[in-house]
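**Student:** Sequence isn't available, so here's the structure alone:
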């Protein structure tokens, strides 16, 4: 397949890489756009992993109100005021607000889950597995799987991203770290639903 300038521009736009890198990826993939995009995403995610340790104290607070019944505030941080003002970064913050409104997570990351809550869920899973009489060598794996499954939708970063079911929210953030060239951190969120009290 031939490499077109349109494809090069499109790949550059989607991944945030330079024109030369975009062209190189398309040439390497013999003009197969999807293959080139996948390769660039992997490279970008690798770069994003390296950036994820950097300090992020700038950013925005975004809000979203759905039908006057659900309201969300999110704080999303980046490293510099320059990136905080970019439309691309503001769009990320808004997408996170939409995600929180739609999927009602309880925690940003797994690290926020209280130890006693994690232990309670693990103990319940162990009881169930013991009652089923599973062999000890696979019982622990089953317990871990059940604990992970219990929390997957409660943790924002591990939720399936509402606009792309092939990605988690964590993947979406990493993709944008690669695009914008700075660490991005979802610091906190607050979701209010009419007539529903917080626990």
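**Tutor:** On my side now, so go ahead. Bear in mind that the values here come from a model prediction, so they are computed numbers and not experimental data.

**Student:** what's the closest non-adjacent residue to residue 65?
**Tutor:** Leaving aside its sequence neighbours, residue 65 sits nearest to residue 71 (Cβ to Cβ, 6 or more residues apart in numbering; 4.8 Å). C-beta coordinates here come from the backbone N, C-alpha and C atoms, glycine included.

**Student:** oh sorry, the question was meant for residue 146
**Tutor:** In this structure, residue 146 finds its nearest non-sequential neighbour in residue 125, 4.1 Å apart by Cβ to Cβ, 6+ apart.

**Student:** What is the burial count for the one you found?
**Tutor:** Residue 125 has 20 neighbouring residues, counting by other Cβ atoms under 10 Å.

**Student:** try the one 3 residues further on
**Tutor:** The tally of other residues near residue 128 (other Cβ under 10 Å) stands at 13.

**Student:** residue contacts, residue 134?
**Tutor:** Taking Cβ atoms under 8 Å, 6 or more residues apart in numbering as the criterion, residue 134 is in contact with residue 142.

**Student:** Helix or strand: which one has it?
**Tutor:** Counting by DSSP states H and E, no helix or strand carries residue 134.

**Student:** Mind listing what's buried along the helix or strand where the residue nearest to residue 146 lies?
**Tutor:** For residue 125, the host element (DSSP H and E) is helix 115-131. Of the residues in helix 115-131, 121, 125, 126, 129 count as buried by neighbour count, 16 or more other Cβ atoms under 10 Å.

**Student:** ditto for stretch 158-175
**Tutor:** Buried residues in stretch 158-175, counting neighbours by 16+ other Cβ under 10 Å, are found at 158-161, 167-175.

**Student:** Domain-wise, how is this structure divided?
**Tutor:** For the chain, automatic domain parsing gives the domain ranges 5-51, 58-109+154-193, 114-147.

**Student:** Dump those into JSON lines; add mean pLDDT as well.
**Tutor:** Formatted as JSON lines, the domains of the chain follow (pLDDT from 0 to 100):
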{"stretch": "domain 5-51", "mean pLDDT": "74"}
{"stretch": "domain 58-109+154-193", "mean pLDDT": "95"}
{"stretch": "domain 114-147", "mean pLDDT": "86"}
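
**Student:** name the helices or strands packed onto the helix holding residue 125?
**Tutor:** Packing partners of helix 115-131 (3 or more Cβ pairs under 8 Å, 6 or more residues apart in numbering; DSSP states H and E): helix 136-152.
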